[in-house]
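> need the 3D shape of this:
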Amino acid sequence: MLLIPLTGIRALCLASVLTVSVSLAVAQPTPNEAARFLEQAAFGPNAASIARVQSLGFAGFLNEQFSLWASSYTDLPLQPTTVPASCTGTCVRDNYSMYPLQVNFFKNALQGQDQLRQRVAFALQQIFVASGVTVTQPSWMRPYLMAFDHNAFGNFRQLLQDITLNPAMGSYLNMAGNTKNAPNENYAREVLQLFTIGLNELNNDGSVRTDADSNPIPTYTQATVNAFARVFTGWNFAAAPAPGVPNYVDPIVVTAANHDGGAKTLLNGVTLPATSPVTVASANKDLNDALDNIFRHHNVGPFIGRNLIEHLVTSNPSPAYIARVTAAFNDNGAGVRGDLKAVIRAILLDPEARNAPASVFGHLQETILFKARLLRALNTTAATTDFVLTDTYLPSELSMGQDLFRPGSVFNYYPPVFNVPGVGVNGPEFAIQSTSTALARVNFVAEVTYKTMSISNPNRPMGTWLDLSSITPLAGTPSQLTNYLNTLLLHGQMSSDLQAAVNNALAAMTGATNLARAQKAVYLIASSPECFVER
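Okay, the predicted model is just below:
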């Protein structure tokens with residue numbers, strides 16, 4: 001039993017939730033139900049968080065999470081674009097690579113209380129993609145990451161505004177420096193195709209709308225992209241704080257002389273009128289009206305809803321599930337469109353999320369989540385973790401194809417649609433799953449379980465390993481240990497074959513210490529395919 005009494009914690013009043021989810025707030029979740037919920041609403045369960053969900057219920061846990069401050073990212077000073085000669089030793093690593101942000105991310109994921117905010121922010125980062133491959137300084141990327149922390153529980157329209165004017169995004173997709181004499185299409189195209197509405201018109205259930213000849217109806221044309229590209233002219237970095245140090249902290253600002261003031265026809269035939277003379281006010285109005293035009297498009301609800309469902313719950317949601325989430329996006333119950341709290345509640349409290357209805361339900365854990373979930377499950381702390389758990393700073397045999405904050409393109413670490421070979425179902429994360437990355441998962445489990453991770457890298461002075469002290473006392477009775485790990489790592493869904501194999505392996509370890517048995521059990525379960533896929 002994983003229910004642990006918690007004292008001294010303020011009880012929270014439950015806020016109103018979607019009607020379809022009210023019953024979920026009444027009955028106390030079982031340990032297995034709580035663990036499964038935390039696979040979706042956090043970076044994985046541990047004994048304490050399972051107990052918290054059991055104490056508050058699903059809706060109560062969400063409301064508590066909504067009330068918590070963001071863990072955030074440590075402030076980083078802006079640096080010169082060119083690395084100064086005086087920057088030696090760890091200076092380059094700490095000021096010209098994603099290292100400090102990656103460390104911060106894993107600290108938040110493994111130890112932060114605001115699990116839901118950080119998990120949703122990570123999902124949104126993979127929709128509104130910018131990459132440290134191009135935006136190379138951590139101080140440049142930090143405000144971009146902070147935008148998701150700030151807006152994860154806010155309104156989608158504000159998130160769209162903040163990302164559009166974010167300097168890292170402006171640099172990555174060329175809105176910064178875009179002028180009326182040579183409009184750049186990059187941001188205009190991607191904000192439509194990847195960030196908000198997609199290529200084809202959608203019904204509220206995510207299905208594609210077709211014309212009389214059964215062909216998909218495009219959401220926009222090249223002329224639409226051209227018009228939005230002209231909307232996004234005139235913006236560039238705010239004043240530099242020092243020579244050679246670009247301002248990646250403040251939002252990008254418009255210079256009226258560089259903005260195209262001509263008429264522009266946007267989505268759904270909406271036309272922005274010409275303005276002359278162009279002023280800062282008229283240019284900003286163009287931008288706000290254009291973002292409103294995108295935000296009001298009927299595709300945003302099903303497009304964003306499905307994307308968030310895929311990242312948090314399942315790669316193959318039913319049309320009815322998507323439609324319910326779309327309804328929450330379109331109206332939070334108080335007439336507000338784009339309320340992300342309402343969307344998150346709808347996604348995580350939906351009956352389909354809480355009761356997996358089909359064999360294809362679920363998703364392969366992307367590797368960042370896989371690492372975080374395993375370490376969180378066994379309460380890994382700063383004493384046992386360097387928090388440097390991304391591909392750049394791991395040995396090649398532990399590289400899993402997802403280098404945190406360094407996706408290879410604006411399409412993210414993996415595409416939003418990927419048919420799993422031989423199965424024919426959507427499984428986006430499988431696009432970065434290969435023989436080598438699958439073996440890397442097994443290697444990672446072995447090294448953190450048996451405390452063999454290399455410490456020769458100066459960026460990893462200790463290595464990382466699991467603290468098994470909480471489960472070692474259970475190892476004298478194999479079935480008790482496997483039952484506990486079944487809840488913690490598989491929310492009670494371990495197959496009878498796997499459970500029998502683990503129990504038999506432990507029973508055969510005559511004369512072994514309890515620690516050795518605990519290590520064997522964790523290794524066999526956590527390295528199994530059953531533990532790679534969340535259902």
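
> residue 459: neighbour count?
As a burial measure, residue 459 scores 14 neighbours (other Cβ atoms under 10 Å). Placement of C-beta: from N, CA and C, glycine included.

> from what I can see it touches residue 102, true?
No: look at residue 459 against residue 102 with Cβ atoms under 8 Å: they stay out of range, at 10.3 Å.

> please enumerate the strands of this protein.
Ranges of strands in the chain, per DSSP state E, are 235-236, 253-254, 264-265, 271-272, 363-364, 533-534.

> which helix in this protein runs the most residues?
Identified as the longest helix of the chain according to DSSP state H is helix 47-66.

> how close does residue 298 sit to residue 354?
Per Cβ to Cβ, to the nearest Å, residue 298 is found 28 Å from residue 354.

> circling back: quick check: neighbours shared by residue 459 and residue 102?
Both residue 459 and residue 102 are contacted by 388, 393, under the criterion Cβ atoms under 8 Å, 6 or more residues apart in numbering.

> contacts only, for the residue lying closest to residue 93 once chain neighbours are set aside.
Nearest non-adjacent residue to residue 93, counting by Cβ to Cβ, 6 or more residues apart in numbering: residue 99, 4.9 Å away. Going by Cβ under 8 Å, 6+ apart, residue 99 touches 93, 138, 388, 392, 393, 459.

> same question for residue 447.
Residue 447 is in contact with 398, 453, 463, 464, 465, counting by Cβ under 8 Å, 6+ apart.

> the third one - how many residues pack around it?
In terms of burial, residue 463 registers 18 neighbours under the definition other Cβ under 10 Å.

> ok, back up a step: C-alpha coordinates for the longest helix of the chain, PDB please?
The C-alpha trace of helix 47-66 is given here as PDB (Å, rounded to 0.1, in the frame of the first residue of the first chain):
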ATOM      1  CA  ALA A  47       5.300   7.300  -3.100                       C
ATOM      2  CA  ALA A  48       4.700  10.800  -1.700                       C
ATOM      3  CA  SER A  49       2.900  12.100  -4.900                       C
ATOM      4  CA  ILE A  50       0.800   9.000  -5.100                       C
ATOM      5  CA  ALA A  51      -0.300   9.700  -1.500                       C
ATOM      6  CA  ARG A  52      -1.000  13.300  -2.400                       C
ATOM      7  CA  VAL A  53      -3.300  12.400  -5.300                       C
ATOM      8  CA  GLN A  54      -5.100   9.900  -3.200                       C
ATOM      9  CA  SER A  55      -5.600  12.500  -0.500                       C
ATOM     10  CA  LEU A  56      -6.900  15.300  -2.800                       C
ATOM     11  CA  GLY A  57      -8.400  13.300  -5.700                       C
ATOM     12  CA  PHE A  58      -7.600  14.000  -9.400                       C
ATOM     13  CA  ALA A  59      -9.400  17.400  -9.600                       C
ATOM     14  CA  GLY A  60      -8.100  18.500  -6.200                       C
ATOM     15  CA  PHE A  61      -4.500  17.700  -7.200                       C
ATOM     16  CA  LEU A  62      -4.900  19.700 -10.400                       C
ATOM     17  CA  ASN A  63      -6.200  22.700  -8.400                       C
ATOM     18  CA  GLU A  64      -3.400  22.500  -6.000                       C
ATOM     19  CA  GLN A  65      -0.900  22.400  -8.900                       C
ATOM     20  CA  PHE A  66      -2.600  25.400 -10.500                       C
END
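
> give the buried residues for it.
47, 49-66 (16 or more other Cβ atoms under 10 Å).

> ok, back up a step: how near is the residue nearest to residue 93 to residue 396?
The value you get for residue 99 to residue 396, if Cβ to Cβ is used, is 18 Å.

> what of residue 329?
From residue 329 over to residue 396 the distance is 42 Å, taken as Cβ to Cβ.

> compare neighbour counts for the two and give me the winner.
Neighbour count, other Cβ under 10 Å: between residue 329 and residue 396, residue 329 has more, with 23 against 8.

> so what pLDDT did that one get?
The model reports residue 329 with a pLDDT of 98.

> what is the burial count for the residue lying closest to it once chain neighbours are set aside?
Spatial nearest neighbour of residue 329, chain neighbours left out: residue 301 (3.7 Å); criterion: Cβ to Cβ, 6+ apart. Residue 301 sits with 26 neighbouring residues when counted by other Cβ under 10 Å.

> and what of the one 4 residues further on?
By other Cβ under 10 Å, the residues close to residue 305 number 28.

> before we move on, what about residue 160?
Neighbours of residue 160 under the rule other Cβ under 10 Å: 21.

> I'd guessed residue 453 sits against residue 463; true?
Yes: Residue 453 lies in contact with residue 463 (Cβ under 8 Å); the separation is 3.6 Å.

> re earlier: need the contacts of residue 447 in JSON lines with pLDDT, can you?
As requested, these are arranged in JSON lines below (pLDDT from 0 to 100):
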{"residue": "398", "pLDDT": "93"}
{"residue": "453", "pLDDT": "85"}
{"residue": "463", "pLDDT": "81"}
{"residue": "464", "pLDDT": "90"}
{"residue": "465", "pLDDT": "91"}
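
> from those residues, pick the one nearest residue 43.
Nearest to residue 43 among the contacts of residue 447 is residue 464, at 15.2 Å by Cβ to Cβ.
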